[in-house]
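# Take this sequence and fold it.
(chains A, B, C and D)
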There are 2 protein chains.
Amino acid sequence: MHKPAKVTIEDVAAAAGVSRQTVSRVINNGPNVKPAVRQRVEAMVEQLGYVPNLSARRMGGARSYLILSINDRARTFENWTSGRGNDWVDQMLYGGMSECERHNYHMVLELIDTDAGTTIPQIARAVGSLRPDGVILTPPHCDNLELVAWLERQGIPCARVGHYEGGNFVDVFMDDEGAMREVTRHLLDLGHRSIGFLAGPLNYGPSQKRRKAFREALAEAGIPPEAGPIGAGNFYFDMAVSVLETMLAAPSPPTAIIADNDKMAFAALHVAADRGLKVPDDLSVISFEDTPGVRFSVPPLTAIRQPTAAMVGKACAQLIALSKGEEGMGAFELPYEFVVRATTKAPRG
Amino acid sequence: MHKPAKVTIEDVAAAAGVSRQTVSRVINNGPNVKPAVRQRVEAMVEQLGYVPNLSARRMGGARSYLILSINDRARTFENWTSGRGNDWVDQMLYGGMSECERHNYHMVLELIDTDAGTTIPQIARAVGSLRPDGVILTPPHCDNLELVAWLERQGIPCARVGHYEGGNFVDVFMDDEGAMREVTRHLLDLGHRSIGFLAGPLNYGPSQKRRKAFREALAEAGIPPEAGPIGAGNFYFDMAVSVLETMLAAPSPPTAIIADNDKMAFAALHVAADRGLKVPDDLSVISFEDTPGVRFSVPPLTAIRQPTAAMVGKACAQLIALSKGEEGMGAFELPYEFVVRATTKAPRG
DNA sequence: ACATATTTTGTGAACGCTCTCAATTGACTT
DNA sequence: AAGTCAATTGAGAGCGTTCACAAAATATGT
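As a prediction, the model looks like this:
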């Protein structure tokens, strides 16, 4: 078997009887090519199965056709069981890749051991060798000011997912406060008068907003703060279990729980089962994440569905636009969805 | 803010007072460099923060430092709810990326719409532009003979995950038959005499092997075939529900269910709940996948844990070795784990 | 028809590396 | 001390593109 010779732009040029540069113009959709010539070149590209070599393109031009996605290793499946991982990563990748594909870009992933404290050197290495056209920062990296400043200094456009703060960035996020208000009111309308919130970490922006909105929604309904306990402070299953044990042991325990992510909602389901509480009859549960598996829990969870994939997709789209010299910076709010399944109901009695 | 000038190999060479080529030797760990010189160059690399440009490396040399991972779009989270997606992808990425990172390689993903029938052109495009050093094929692409042949013709080393068949490939897999035997015996030992198998599709290699082993294990124990019904034939939640309804409506229904993946195991949990059957008292359930969320189901599933991430990691490692001119082809069996949690128990009475 | 704009096409250089091969250095023989 | 061989270093070419131009072709105005 002879190895098929790699066809280059010169081959296409020769076959079409034009110069290298004209072919380049055609494949880049450049202006000033006679329609007839363009067509002839396109036909040859097709016939020879020509695909531009990305490395060569990068060498010659300014673009790399690469988007780098920075992800927290601790949030990958490896840590699912410890309670930190989730399929955020899966979803984010999906959103990003789909968008890249559409523009013939490619997505390269980097997993960062955030806790190791070597984030910037690690990213510097990847950025230096890949020279991506843009970088997507997902939590918790989007909140890393030092990193963001470094990228800015390098002149690499950067998109933050789940973060909004202004500046010369692409920020993509959802309306966390609105979602929390909607969820809390749903519970209030059902008749709940004591609601617990299993909150995420204090330094996580979206969680902060949700806390605030939770407080406000209860206050508006005239519910006293002690009937709206907020359990602190990470996203882990195990901690949620113990926080919940305490909450439910109170004199007049909450009849509904809002969990800041799915894993803590699962924890609520477990604790309820352990204490012989039926969900939703004895305890309503709502999650604030809605990763795909949630539909299959027993019973299926009512949840706020975050537009995770869409957010990363949007981030990619903006970075790609930017790399083409188009406008792209800005803040983009994407709609969430409130999915009512089987874990909310009016309280007993 | 002045943009930091990109430091090139020439800069390092000048700073170290050696030639370009010597620096190249040092960064590639080449032989024949005086220790003193090597050290001096390394110091300059460090000091200037030099990172080799991947594209330039690709242009000059033969390697691209890129591994391409081909994934079935239908198996991403997008299709979780329809029952096809899962976090396989997440795990596979993790395994691959971790390995790449170790060797300063990078992993690029490609999501293929398998059903669209344009697999090869899609991959040709990615392979042509990226020129990866190797390609990782995950199910169902690893079974795509046409694709495998195409890659072979291109001279691109290719690793198949969850597939073993010989030939000049890297095949990484687990002992499906052994796992099925172990699981079936576990149930038999517990006292079950009627066991249902919710099997995956017939054309999926590993599922075939599991069917076979299931049959054999029952036969060995003297269980008649009608007490070992096999429910056909995909990996979806919804279909599993209906198959299961039928199985459990039989005159002497199974007291234990083996599901070929987690989603079908969840389906068993749902159906049991609907029929008022307690798991594991009235029905034992075992899954053959063990994605991370399984631990949090109510009750937590007993399962075979597939070494998914490890398999992709191994695949990457072999491809990287190959790209360095080392040996790498071969078949590699990785160990699975049988995790007994809370969904298996002796049958009632 | 002529000069002048505009569109279209082509040429040479550059990008940052690795390859091949030649030149230099140093160590070891005899 | 000269000769041989291996270890170390360097120089030039080439990889496949795009860029900045220059050249050619065509259109426009008078």
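# Would you confirm that A:Glu177 contacts A:Arg210?
Yes: between A:Glu177 and A:Arg210 there is a contact under CB atoms under 8 Å: 7.2 Å. All C-beta atoms are positioned from the backbone trio N, CA, C, and that covers glycine.
# Which one of these two is surrounded by more residues?
Between A:Glu177 and A:Arg210, counted using other CB atoms under 10 Å in any protein chain shown, the more crowded position is A:Arg210 (26 against 18).
# The more buried one is in what secondary structure piece?
helix A:205-220 (DSSP states H and E).
# buried set for that helix?
Using 16 or more other CB atoms under 10 Å in any protein chain shown as the test for burial, helix A:205-220 gives A:Gly205, A:Pro206, A:Ser207, A:Gln208, A:Lys209, A:Arg210, A:Arg211, A:Ala213, A:Phe214, A:Arg215, A:Ala217, A:Leu218.
# Run a quick neighbour tally on A:Ser129.
Neighbour tally, A:Ser129, other CB under 10 Å: 18.
# Surely it touches B:Tyr50?
No: assessed by CB under 8 Å, A:Ser129 is found out of contact with B:Tyr50, at 10.4 Å.
# between these two, what contacts are shared?
Residues touching both A:Ser129 and B:Tyr50 (CB atoms under 8 Å, 6 or more residues apart in numbering or on different chains): there are none.
# circling back to that earlier point, could the buried residues of helix A:205-220 go into CSV alongside distance to DNA strand C and pLDDT?
Output for the buried residues of helix A:205-220, formatted as CSV (distance: CB to the nearest atom of the strand, whole Å; pLDDT from 0 to 100):
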residue, distance to DNA strand C, pLDDT
A:Gly205, 37, 87
A:Pro206, 39, 91
A:Ser207, 42, 93
A:Gln208, 43, 93
A:Lys209, 43, 94
A:Arg210, 46, 96
A:Arg211, 48, 96
A:Ala213, 49, 98
A:Phe214, 52, 98
A:Arg215, 53, 97
A:Ala217, 55, 98
A:Leu218, 58, 98
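# how about those residues in JSON lines, adding distance to A:Ala331?
Output for those, formatted as JSON lines (distance: CB to CB, whole Å):
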{"residue": "A:Gly205", "distance to A:Ala331": "13"}
{"residue": "A:Pro206", "distance to A:Ala331": "14"}
{"residue": "A:Ser207", "distance to A:Ala331": "19"}
{"residue": "A:Gln208", "distance to A:Ala331": "17"}
{"residue": "A:Lys209", "distance to A:Ala331": "14"}
{"residue": "A:Arg210", "distance to A:Ala331": "19"}
{"residue": "A:Arg211", "distance to A:Ala331": "22"}
{"residue": "A:Ala213", "distance to A:Ala331": "19"}
{"residue": "A:Phe214", "distance to A:Ala331": "23"}
{"residue": "A:Arg215", "distance to A:Ala331": "25"}
{"residue": "A:Ala217", "distance to A:Ala331": "24"}
{"residue": "A:Leu218", "distance to A:Ala331": "28"}
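# Now do the helix or strand harbouring A:Asp238: everything it contacts.
Using DSSP H and E, A:Asp238 sits within helix A:237-248. Outside of helix A:237-248, the residues within contact range by CB under 8 Å, 6+ apart are A:83, A:196, A:198, A:229, A:231-233, A:253-254, A:257, A:259, A:263-264, A:266-268, A:270-271, A:275, A:277, B:296.
# Just to be sure, which of the residues you listed are found in strands?
In strands, defined here by DSSP state E, the members of the contacts of helix A:237-248 are A:Gly196, A:Leu198, A:Gly231, A:Ile257, A:Ala259.
# Ranking by neighbours, what's the top pick from these?
A:Ile257 (32 neighbours).
# That residue and A:Ser287 touch, don't they?
No: using CB under 8 Å, A:Ile257 is not in contact with A:Ser287, being 9.4 Å away.
# re earlier: just the closest of the ones in strands among the contacts of helix A:237-248 to A:Asp133, please.
Closest to A:Asp133 out of the ones in strands among the contacts of helix A:237-248 is A:Ala259 (37.6 Å), distances taken as CB to CB.
# what stretches of chain A score poorly on pLDDT?
For chain A, the stretches flagged by pLDDT under 70 are A:1-5, A:71-94.
# could you measure the residue of it found nearest DNA strand D against B:Cys316, distance?
Closest contact between chain A and DNA strand D, by CB to the nearest atom of the strand, is at A:Gly60 (2.2 Å). Distance from A:Gly60 to B:Cys316, counting by CB to CB, to the nearest Å: 30 Å.
# Then A:Ile112?
Taking CB to CB, one finds A:Ile112 at 18 Å from B:Cys316.
# repeat for A:Gly330
37 Å.
# quick one, which of those two is more surrounded?
Higher neighbour count among A:Gly330 and B:Cys316: B:Cys316, with 28 against 12, using other CB under 10 Å.
# Excluding sequence neighbours, find me the nearest residue to the more buried one.
Spatial nearest neighbour of B:Cys316, excluding adjacent residues (CB to CB, 6 or more residues apart in numbering or on different chains): B:Glu99 at 3.9 Å.
# Show me which residues of chain A sit near DNA strand D.
Within chain A, the positions lying close to DNA strand D (CB under 7 Å from any atom of the strand) are A:6, A:8-10, A:20-21, A:24, A:27-28, A:50-53, A:56-57, A:59-62.
# Can you flag the buried ones in these?
If we count by 16+ other CB under 10 Å, the residues of chain A next to DNA strand D have these buried: A:Thr8, A:Ile9, A:Ser24, A:Ile27, A:Tyr50, A:Val51, A:Pro52, A:Asn53, A:Ala56, A:Arg57.
# Which two of those residues have the greatest separation?
A:Ser24 and A:Val51 (13.7 Å).
# thinking again about what came up before, how about the helix holding A:Asp238: buried residues?
A:Phe237, A:Met239, A:Ala240, A:Val241, A:Val243, A:Leu244, A:Met247, A:Leu248.
# Show residues contacting the strand or helix carrying A:Val172.
Secondary structure from DSSP H and E places A:Val172 in strand A:170-174. With CB under 8 Å, 6+ apart as the test, strand A:170-174 has contacts from A:157-165, A:206, A:306-307, A:311-312, A:314-315, A:318-319, A:322, A:328-336.
# Kindly recompute the last result at 7 Å.
The contact list for strand A:170-174, computed with CB atoms under 7 Å, 6 or more residues apart in numbering or on different chains, reads A:159-165, A:306-307, A:311, A:314-315, A:318-319, A:328-334, A:336.
# With stretch A:179-187 instead?
A:195, A:210, A:213-214, A:217-218, A:256, A:258, A:284, A:286, A:304, A:336, A:338, A:344.
# got it, and stretch A:332-348?
For stretch A:332-348, using CB under 7 Å, 6+ apart, the contacting residues are A:171-175, A:179, A:182-183, A:186-187, A:190-192, A:255, A:279-282, A:284-286, A:290, A:299-307, A:310-311, A:314.
# and those residues, which of them are in strands?
A:Asp171, A:Val172, A:Phe173, A:Met174, A:Ser284, A:Val285, A:Ile286, A:Thr302, A:Ala303, A:Ile304, A:Arg305.
# quick one: the last one and A:Thr291 touch, right?
No: with contact defined as CB atoms under 7 Å, A:Arg305 and A:Thr291 do not form a contacting pair (9.2 Å).
# Return every residue with contacts to both of those two.
Counting by CB under 7 Å, 6+ apart, A:Arg305 and A:Thr291 have no common neighbour.
# Those two: which has the busier surroundings?
A:Thr291 (24 against 19).
# before we move on, back to that, mind checking which of the contacts of helix A:237-248 are in helices?
Secondary structure from DSSP state H places A:Lys263, A:Met264, A:Phe266, A:Ala267, A:Ala268, A:His270, A:Val271, A:Arg275 of the contacts of helix A:237-248 in helices.
# which of those are buried?
A:Lys263, A:Met264, A:Phe266, A:Ala267, A:Ala268, A:His270, A:Val271.
# Quick check: the fifth one vs A:Leu188, distance?
By that I understand A:Ala268. From A:Ala268 to A:Leu188 the distance is 18 Å (CB to CB).
# Residue numbers of the stretch 151-300 of chain A in contact with chain B?
Residues of the stretch 151-300 of chain A found near chain B (CB under 7 Å from any CB of the partner chain) are A:153-155, A:237, A:263, A:266, A:269-270, A:273, A:292-293, A:295-296, A:298.
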